[in-house]
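[1] below is the sequence, then the predicted model.
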Amino acid sequence: MANIDVIAEHYAASDRGDLEGMLAMLAPDCTWTEAEGFPYAGTYVGPEAVRANVFERIARDWDGFTFTLAELLDAGDTVVALGRYSGTNRATGRTFTARVAHVWRLSDGRVTSFEQIVDSAMVDAAIR
């Protein structure tokens, strides 16, 4: 499977609500970086840390949080995804939409690193 197909499968699993499928392609020592200013900012190592510090927190804090993929760019061992986040904050009831880019790096068909680049001001406004 080509690297771009691995990442496309991650987003397909996300669309299905399949967290196990989303995490399946992460290497055990994968680094996952959420952008500064984003509510879950930091770098997490390994699928279980990503589950606990990113996806479980998103599920707790947001209704209908989604990533809508607009484009996947194939650069060999690096894949870039462009799209939008949207959701409704459970505490405030406010909604948001924000542009986002995901930078994926892969080796031997496994994700070795992920970096999120996002307009976190839009997310912050929905929280406050």
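    Looks like it arrived, so ask away.
[2] quick one: Glu71 from Thr95, how far?
    Distance of Glu71 to Thr95, given as Cβ to Cβ, to the nearest Å: 23 Å. In this view, the C-beta of every residue, glycine as well, is placed from N, C-alpha and C.
[3] same check on Gln116?
    Where Thr95 is concerned, Gln116 sits at a distance of 20 Å (Cβ to Cβ).
[4] okay, and Ala70 sits in which element?
    Per DSSP states H and E: Ala70 is located in strand 62-75.
[5] what comes up buried for that strand?
    For strand 62-75, the neighbour count (16 or more other Cβ atoms under 10 Å) marks Trp62, Phe65, Phe67, Leu69, Leu72 as buried.
[6] in the sheet, which strands lie alongside it, parallel or antiparallel?
    Using DSSP bridges, the strands paired with strand 62-75 are strand 78-89 (antiparallel).
[7] may I see the buried residues of the strand it pairs with?
    Val79, Val80, Ala81, Gly83, Arg84, Tyr85, Ser86, Gly87, Asn89.
[8] got the CA positions of that strand in CSV?
    Listed next in CSV are the C-alpha coordinates belonging to strand 78-89 (Å, rounded to 0.1, in the frame of the first residue of the first chain):
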residue,chain,number,x,y,z
THR,A,78,5.6,12.6,3.6
VAL,A,79,1.9,13.1,3.0
VAL,A,80,0.1,16.4,3.6
ALA,A,81,-3.6,16.6,4.2
LEU,A,82,-5.5,19.9,3.8
GLY,A,83,-9.0,20.4,5.1
ARG,A,84,-11.3,21.8,7.8
TYR,A,85,-12.2,21.0,11.4
SER,A,86,-15.6,21.8,12.7
GLY,A,87,-17.6,21.0,15.8
THR,A,88,-19.7,22.3,18.7
ASN,A,89,-18.1,22.8,22.1
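[9] quick check: what element follows that strand along the chain?
    strand 95-107.
[10] for the longest helix seen in the chain, name the packing helices and strands.
    Across the chain, the longest stretch assigned as helix under DSSP state H is helix 3-16. Packing partners of helix 3-16 (3 or more Cβ pairs under 8 Å, 6 or more residues apart in numbering; DSSP states H and E): helix 19-23, strand 62-75, strand 78-89, strand 95-107, strand 110-118.
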